[in-house]
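1. After the sequence you'll find the predicted model.
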Amino acid sequence: MTVAYNFAYLDEQTKRMIRRALLKAVAVPGYQVPFASREMPMPFGWGTGGVQVTAACLVPADRLKVIDQGADDTTNAVSIRRFFEKTAGVATTEETQQATIIQTRHRIPEQPLTGDQILVYQVPIPEPLRFLEPRETETRKMHALEEYGLMHVKLYEDIARHGHIATTYAYPVKVEGRYVMDPSPIPKFDNPKLGGCAALQLFGAGREQRIYAIPPYTKAVSLDFEDHPFDPGTWDDDCALCGASDSYLDEVIIDDAGGRMYVCSDTAHCRGRRRAGHVGASGAPYEEEGA
Amino acid sequence: MSEVPLLQVSGLSKSYGGRIGCAGVSFDLWPGEVLGVVGESGSGKTTLLNCLAGLLAPDAGRVVYDTRAGGPRDTLAMAEPERRMLMRTDWALVHQNPRDGLRMGVSAGANVGERLMAVGARHYGRIRGAALDWLERVEIAADRIDDRPSAFSSGMQQRLQIARNLVTGPRLVFMDEPTGGLDVSVQARLLDLIRGLVRELGLSAVIVTHDLAVVRLLAGRLLVMKEGYVIEAGLTDQVLDDPQHPYTQLLVSSVLQV
């Protein structure tokens, strides 16, 4: 760690400001708390909101895990992990159960989280009503007065057009029976994990300057119609590497002839399963890296 | 007929800085009654309507509405959630330009269903059934239900706007130039439709227009406005056939005879 930075990059006053917003967000689940988002040494849209929330939560004893679309080894994840290694000097890990703070982009880890973990989401557009109602003054009023009929207009439109609710990511949820919230662009497959989760879930939107939260064991119900209930979706295939049938799968094109395989998007989960001896259709028995 | 007027307006005034929007407007609207408001452009008709419908906050005056649950209440003194609830259940507002009143980005069915969903309908099949029923009542073919309003003609858009407003069974409808910008044959069909719906559903309505033929057809009573003031009021036939105020006389004599 170099001494040129304050611990975790942000100055203490900024962290204090963010923590204050976080406390308010936890006190009012699903409510978008405005905060004075800072410029970070990365472009907006790369997770500046999540990074600021993580920076405000980190203590030297923490062990940080960063995932991007479930993977630990993609550009965004690697650069943010390195950022905190450099500026905070905290330990990092790729194992879900060993992490105390997990910053995520667009996934919730497959492994159930525990009460001593914090999950930090990177959020591009925190307002679930934004694409239906462009005026911020109006959406705030709609939240304040609990006027959420418009959200169902979107779902109605999906069914009318596609025969089913075609929203597959950023699927809106109602938190603790009050605020409708955008869970960030996680697949709807992950929505059932939002509610009743043991870990604290924090959402940071840097460009839009909003922070919101789902406290542990809080209800988060995916919106639906009585005759078109919420469906998290399933696959016909199992993971080709570890054989998991209950995880979120990525489709990987493997040749120019349309060949494809499905693999777990959560790389830590997949590795853990293979280490435990599970082998999928195209998988080889597990070997430690560098062995 | 009930004992209490549906809408009691007294001393309603709204000014824009030094300019008068409307001043000292008072009238009673009884259940099932259609009130026409006529006057030239800039006479304060739309200001009056927006003040009544809660879109503008008037400077002075009272708008007392006979609510279903609580009896007569001053809508201006109501809390905002209550007023907005009223606006999407018991009241309806038909804009002059259907683009202002419709959600152009979603299908006709979703437009009609929006109010239902806003008051808590969560059953897709029933919402769609209600939408189909209302499209039929305003003479829009059932196979257009999944088309966006942008694919509709302006007459159809206006009829869709009416369906969208009436789906929650409102008791009071505000209409701002409902036939503005439509050609005469489409106007005639629309007027026919509105007249039928008003009779059939027993609606009360305030219709703002500059078209005397529209009020002659639809309205039982008439207010004539000029420069923000009501200068003449009475039964429609009486005002149009025997106008007293010089301006009303001018207005009536200005109508082109074919």
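-> Looks like it came in fine.

2. CA only for contacts and neighbour counts going forward, please
-> OK.

3. of all the residues in chain B, which ones are close to chain A?
-> Proximity of chain B to chain A is confined to B:81, B:106-107, B:110, B:113-115, B:117-120, B:122-125, B:146 under the rule C-alpha under 8 Å from any C-alpha of the partner chain.

4. all helices of chain A, in order?
-> Counting by DSSP state H, chain A has helices at residues A:12-27, A:48-57, A:75-87, A:136-144, A:149-162, A:191-194, A:267-275.

5. among those helices, which is nearest B:L166?
-> Between B:L166 and the helices of chain A, the shortest separation by C-alpha to C-alpha is 16.7 Å, and it involves helix A:149-162.

6. Make TSV out of the helices of chain A and add mean pLDDT and mean neighbour count.
-> Formatted as TSV, the helices of chain A follow (pLDDT from 0 to 100; neighbours: other C-alpha atoms under 10 Å in any protein chain shown):
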stretch	mean pLDDT	mean neighbour count
helix A:12-27	97	17
helix A:48-57	96	25
helix A:75-87	94	18
helix A:136-144	94	14
helix A:149-162	93	20
helix A:191-194	96	20
helix A:267-275	94	19
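
7. Which of the residues of chain B next to chain A sits closest to chain A?
-> B:A118 (3.8 Å; C-alpha to the nearest C-alpha).

8. quick one, what contacts the closest one?
-> Residues near B:A118 by C-alpha atoms under 8 Å, 6 or more residues apart in numbering or on different chains: A:E147, A:Y148, A:G149, A:L150, B:R88.

9. List phi and psi for the last one.
-> When quoted as degrees, to the nearest 10, the phi and psi of B:R88 stand at phi -110, psi 10.

10. if I look at A:L129, how far off is A:L155?
-> Note on A:L129: its distance to A:L155, by C-alpha to C-alpha, to the nearest Å, is 12 Å.

11. Next: A:R81.
-> 37 Å.

12. do A:F83 as well
-> Applying C-alpha to C-alpha to A:F83 and A:L155 gives a distance of 39 Å.

13. Quick one: classify whichever residue of the stretch 151-258 of chain B sits closest to chain A as helix, strand or coil.
-> Relative to chain A, the nearest point of the stretch 151-258 of chain B is B:R164 (12.9 Å; C-alpha to the nearest C-alpha). At B:R164 the chain is in helix, as set by DSSP: H, G, I helix; E, B strand; the rest coil.

14. Isn't it up against B:L116?
-> No: applying C-alpha atoms under 8 Å as the test, B:R164 and B:L116 come out as separate, 9.3 Å apart.

15. More neighbours: which of these two?
-> B:R164 (27 against 24; other C-alpha atoms under 10 Å in any protein chain shown).

16. correct me, but A:D224 touches A:F230?
-> Yes: proximity of A:D224 to A:F230 meets the contact threshold set by C-alpha under 8 Å, at 5.4 Å.

17. Can you find which helix in chain B contains the most residues?
-> Per DSSP H, chain B has its longest helix at helix B:184-201.

18. ok now that helix, how far from the chain's centre?
-> Per C-alpha atoms, centre = their mean, to the nearest Å, the displacement of helix B:184-201 from the mean C-alpha position of its chain is 13 Å.

19. Tell me the first helix or strand C-terminal of it.
-> The helix or strand immediately downstream of helix B:184-201 is strand B:204-208, counting by DSSP states H and E.

20. How about residues contacting whichever helix or strand comes after that following strand?
-> Later in the chain than strand B:204-208, the nearest helix or strand by DSSP H and E is helix B:212-218. Residues from elsewhere that reach helix B:212-218, judged by C-alpha under 8 Å, 6+ apart: B:34, B:36-38, B:191, B:195, B:207, B:209, B:222, B:236-237, B:252, B:255.
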